[in-house]
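Asks: pasting a predicted model and its sequence here:
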Amino acid sequence: MEGEVPSLENCTDLVVVDLGDNNLSRQIPTWMGQSLTKLEILRLWSNEFNGIIPFSLCTLAAIHVLDLSHNNISRGLLHCFNNISQRANDPSFIIIELMWKGIEIEFGKNVAGMRSIDMSNNCLVGEIPHSIASMTELISLNLSRNKLTGKLPENFGNMKMLESFDLSRNQISDKIPASFASLNFLSVLDLSHNNLSGRIPLGTQLQGFSASCCSIYESYCMSHSINVYIM
């Protein structure tokens, strides 16, 4: 498929929309958030979408999986993203293949516990909004391969359910916030190819990671010795 997304705004009972791996272009239409209010899974990965992320996506109260990766989306991350993934109930029974911790896995009943946002491989700029830490039910967050700048939010540790976080290949600077010590379920972390410096927080999952699950940046100036693979 190529060109604009065909209008589905009258299909108000849709639960899953997966238009990934096509050649769809132009901006993501605003009606996706305004009309498809029952969406639990929205996957627009690997297309040629450009422009900004429409604010209407923040109204998708039932969403469990939002995948906009591998496009040409620009501008910044929406400050209203904390509105999604908070109120999602257990989804319909769906069988779907998703990238999970770098591996493609088929999800069935266990998609009920999934809360995932993937914005990787786009052209996003600016800072990561502090409001992102309000997504306390989020399990997986991938913001890698963008042009994000600034610091990691100090309250990032509020995302206590987070299991997988990939921020690699951006331009994030300063230190890893001490609040990372609260991320007790974190099992996959990639902060490589940024401009981080300083100490790795004490008492975190980071200190127990093996080389296979954790990357803390090629020129990350670490002043605390732990078992971490350096890219």
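Replies: Nice, I can see it.
Asks: please report phi then psi for residue 66.
Replies: The main-chain torsion angles of residue 66 are listed as degrees, to the nearest 10 and equal phi -120, psi 110.
Asks: so the spatially closest residue to it that is not a sequence neighbour: helix, strand or coil?
Replies: Nearest non-adjacent residue to residue 66, counting by C-beta to C-beta, 6 or more residues apart in numbering: residue 117, 5.0 Å away. Using the backbone N, CA and C atoms, a C-beta is placed for each residue, glycine as well. Classification of residue 117 into helix, strand or coil gives strand, according to DSSP: H, G, I helix; E, B strand; the rest coil.
Asks: so residue 117 sits against residue 132, correct?
Replies: No: between residue 117 and residue 132 no contact is recorded; they are 9.1 Å apart, counting by C-beta atoms under 8 Å.
Asks: what's the overlap in contacts for those two?
Replies: By C-beta atoms under 8 Å, 6 or more residues apart in numbering, residue 117 and residue 132 have these common neighbours: 81, 141.
Asks: OK, contacts around the nearest residue to residue 193 once chain neighbours are set aside?
Replies: Nearest residue to residue 193 in three dimensions, chain neighbours excluded: residue 169, at 4.4 Å (C-beta to C-beta, 6+ apart). When the contact criterion is C-beta under 8 Å, 6+ apart, the partners of residue 169 are 144, 145, 146, 192, 193, 194.
Asks: before we move on, the earlier item: beta partners of the residue nearest to residue 66?
Replies: Each beta-bridge partner of residue 117 is listed here, defined by DSSP bridges: residue 66, residue 141.
Asks: quick check: it vs residue 44, distance?
Replies: 12 Å (C-beta to C-beta, to the nearest Å).
Asks: cool, residue 181 as well?
Replies: Spatial separation of residue 181 from residue 44 under the definition C-beta to C-beta is 35 Å.
Asks: follow-up on the earlier one: overlap in contacts, residue 117 and residue 44.
Replies: Contact criterion C-beta under 8 Å, 6+ apart; residues bridging residue 117 and residue 44 by contacting each: residue 67.
Asks: which parts of the protein are helices?
Replies: For the chain, the helices defined by DSSP state H cover 31-35.
Asks: how about low-confidence regions in it?
Replies: Scanning the chain for pLDDT under 70 picks out 83-114, 203-231.
Asks: repeat that for 50
Replies: Across the chain, the ranges flagged by pLDDT under 50 are 109-111, 212, 217-231.
Asks: how many neighbours does the closest residue to residue 125 other than its chain neighbours have?
Replies: Sequence neighbours aside, residue 147 is the residue nearest to residue 125 in space, at 4.8 Å (criterion: C-beta to C-beta, 6+ apart). For residue 147, the count of nearby residues is 13 (other C-beta atoms under 10 Å).
Asks: residue contacts, residue 147?
Replies: Contacts of residue 147 were listed using C-beta under 8 Å, 6+ apart, and they are 123, 124, 125, 170, 171.
Asks: isn't the first one up against residue 72?
Replies: Spelled out, that is residue 123. Yes: the criterion here is C-beta under 8 Å, and residue 123 meets it with residue 72 at 5.8 Å.
Asks: give me the common contacts of these two.
Replies: Between them, residue 123 and residue 72 have no joint contacts when contacts are counted by C-beta under 8 Å, 6+ apart.
Asks: hmm, back to that, so which of the contacts of residue 147 comes closest to residue 26?
Replies: Distance to residue 26 across the contacts of residue 147 (C-beta to C-beta) is lowest for residue 123, with 15.0 Å.
Asks: for that closest one, what are its contacts?
Replies: 72, 73, 74, 146, 147.
Asks: all set, thanks.
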